[in-house]
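[1] here's my sequence, what's the structure:
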Amino acid sequence: CSFGDCSTSGGMPIFEHVHNEYGAVASIAYCCFLFTITIGLFNVISAIFVESTMAAASSLERSKKRGRLADEHLWNTRITTLIKRLMDLSPDHSIPGKMSESVDEIFHVAVPGSVIDLVVQDSVAIAALDDLDIDPEDH
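    Purely as a prediction, here's the structure:
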């Protein structure tokens, strides 16, 4: 009876049996009941399934993002890339030798907004910002 036409043991469809035995009001109630069950209940079951699937996908995405954000190597290399691009594109500053030897000098550098505007248009800097999950609207 779950699939197709439900019928009595004599072969008469249930809908016709209800109409003949109990009248038009009962057959309308039976139709409403079937409609509610087939459309309403199955729709709710489908919605619960879709919602749980979407929640699982969202949780997995958040977990992956947390893993990327917790990756110290990724953070260190991309920030180093951004600082190098800032220094390379700044006409007043440069990094002599190793960057690790120039940390104090880099710390006190004042970078004008025009240089930052150049850096956020640079393809290498954009890739570093994307790797750090910085929203492109914030570039």
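
[2] Val120 - nearest residue in space that isn't next to it in sequence?
    Spatial nearest neighbour of Val120, excluding adjacent residues (C-beta to C-beta, 6 or more residues apart in numbering): His139 at 4.5 Å. C-betas here are computed from N, CA, C, even on glycine.

[3] if I pick the one you found, what's in contact with it?
    Val120, Ile126, Leu129 (C-beta atoms under 8 Å, 6 or more residues apart in numbering).

[4] enumerate the positions of stretch 112-126 that are buried.
    Neighbour-count burial for stretch 112-126, counted by 16 or more other C-beta atoms under 10 Å, picks out Val115, Leu118, Val119, Val120, Asp122, Ala125, Ile126.

[5] circling back to that earlier point, just the pLDDT for the residue nearest to Val120.
    pLDDT, His139: 71.

[6] could you do Ser2 as well?
    Ser2 is given a pLDDT of 61.

[7] can you check Ala125 too?
    91.

[8] gap between the residue nearest to Val120 and Phe42?
    46 Å (C-beta to C-beta, to the nearest Å).

[9] do the same with Glu16
    Taking C-beta to C-beta, one finds Glu16 at 24 Å from Phe42.

[10] what's the answer for Ile14, then?
    From Ile14 to Phe42 the distance is 19 Å (C-beta to C-beta).
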